[in-house]
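In: Build me a model from this:
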Amino acid sequence: MSQPLLPKNVKRMEKGETFRFSCHPSVACFTNCCRQLELALTPYDVLRLKKGCHLRSEEFLDRYVIIEQEEDETFPRFYLTMVDDGQASCVFVSNAGCTLYQDRPGACRAYPLGRAAIRQADDTMDEFFVLLQESHCQGFQEQQEQNGTTYSTDQGLTIYNRFNDAVAAILQHDQIRQGKRLSEGQIEQFILALYNLDQFRTLLFAGQLSETAQVDDTSRHRLADDEELLLYAIDWLKDILFKN
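Out: Residues are numbered from 1 along each chain as shown. Okay, the predicted model is just below:
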């Protein structure tokens with residue numbers, strides 16, 4: 001598959017290539033990147049944020065998430081709500097920084113890096129990093145040297161990438177690439193399994209999910225963990241959407 005075209009201010013990084021960047025409260029533009037943005041949320045982002053807020057997933061979605069889908073789009077898109085303060089600020093940002101820093105979304109952790117992961121025919125992921133170089137960001141004037149791999153690890157992105165790659169098996173499935181469109185019911189299943197995880201668990205344990213066997217006590221204990229449940233939900237959704 002051909003590589004995507006990149007905007008002018010986005011540079012593909014070679015393996016091992018380094019860049020200078022650091023973000024901290026002493027940087028003049030601190031928290032500016034938390035304003036005037038559209039912050040897309042992955043399923044694992046929502047999992048972490050709703051736990052950080054001590055909310056059930058359906059309540060978090062209702063309070064903090066905007067769901068959009070254009071007619072020509074296969075999947076709905078999920079965005080974090082912004083505050084109507086004239087700056088379109090993230091709902092979780094303060095003058096001191098992120099109030100949910102330990103559970104901040106993957107895009108916030110990665111900035112100014114981006115990670116492209118393209119599913120191959122053998123189900124492996126072709127990965128490369130890109131660097132977003134925005135002129136207003138003063139972090140590039142810092143002297144700390146980084147590279148894509150170590151920066152991602154330092155920012156706690158390993159677990160985020162694991163779940164994002166698992167979801168990519170749905171988003172980049174061969175049937176999707178060949179033009180498969182989802183029914184309204186399938187879109188509801190997509191939202192339920194990937195983003196409304198607590199409701200998914202409730203229905204699963206009650207035996208109310210289609211084509212799902214009764215969950216035994218051992219599985220109930222394992223699936224009480226949100227991360228284990230999300231992996232289960234991804235596999236369940238793949239079977240529902242792409243069964244022969």
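
In: Burial check on Y101, number of neighbours?
Out: Neighbours of Y101 under the rule other Cβ atoms under 10 Å: 12. In this view, the C-beta of every residue, glycine as well, is placed from N, C-alpha and C.

In: now swap in L204 and tell me
Out: Neighbours of L204 (other Cβ under 10 Å): 21.

In: Please apply the same query to L41.
Out: 23.

In: again with the one 3 residues further on
Out: By the other Cβ under 10 Å criterion, the neighbourhood of Y44 contains 22 residues.

In: Let's verify it: helix, strand, or coil?
Out: Secondary structure assignment for Y44 (DSSP: H, G, I helix; E, B strand; the rest coil): helix.

In: Nearest residue to the most centrally placed residue in the chain in space, please, no chain neighbours.
Out: The chain has T42 as the residue nearest its centroid, 2.4 Å off, counting by Cα atoms, centre = their mean. Distances taken as Cβ to Cβ, 6 or more residues apart in numbering place N164 nearest to T42, at 5.6 Å, with adjacent residues excluded.

In: so who does the one you found touch?
Out: T42, Y44, G106, A117 (Cβ atoms under 8 Å, 6 or more residues apart in numbering).

In: how close does the third one sit to C90?
Out: In this structure, G106 lies at 14 Å from C90, with Cβ to Cβ, to the nearest Å as the measure.

In: could you dump stretch 54-65 to PDB, C-alpha only?
Out: Provided in PDB are the C-alpha atoms of stretch 54-65 (Å, rounded to 0.1, in the frame of the first residue of the first chain):
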ATOM      1  CA  HIS A  54     -14.400   8.100  38.000                       C
ATOM      2  CA  LEU A  55     -17.300   7.800  35.600                       C
ATOM      3  CA  ARG A  56     -19.000   5.000  33.800                       C
ATOM      4  CA  SER A  57     -18.300   5.100  30.100                       C
ATOM      5  CA  GLU A  58     -21.900   6.100  29.100                       C
ATOM      6  CA  GLU A  59     -21.700   9.100  31.500                       C
ATOM      7  CA  PHE A  60     -18.300  10.100  30.200                       C
ATOM      8  CA  LEU A  61     -19.500  10.000  26.600                       C
ATOM      9  CA  ASP A  62     -22.600  12.100  27.500                       C
ATOM     10  CA  ARG A  63     -20.600  14.700  29.300                       C
ATOM     11  CA  TYR A  64     -17.400  15.000  27.400                       C
ATOM     12  CA  VAL A  65     -17.600  13.500  23.900                       C
END
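
In: Okay then, goodbye and thanks.
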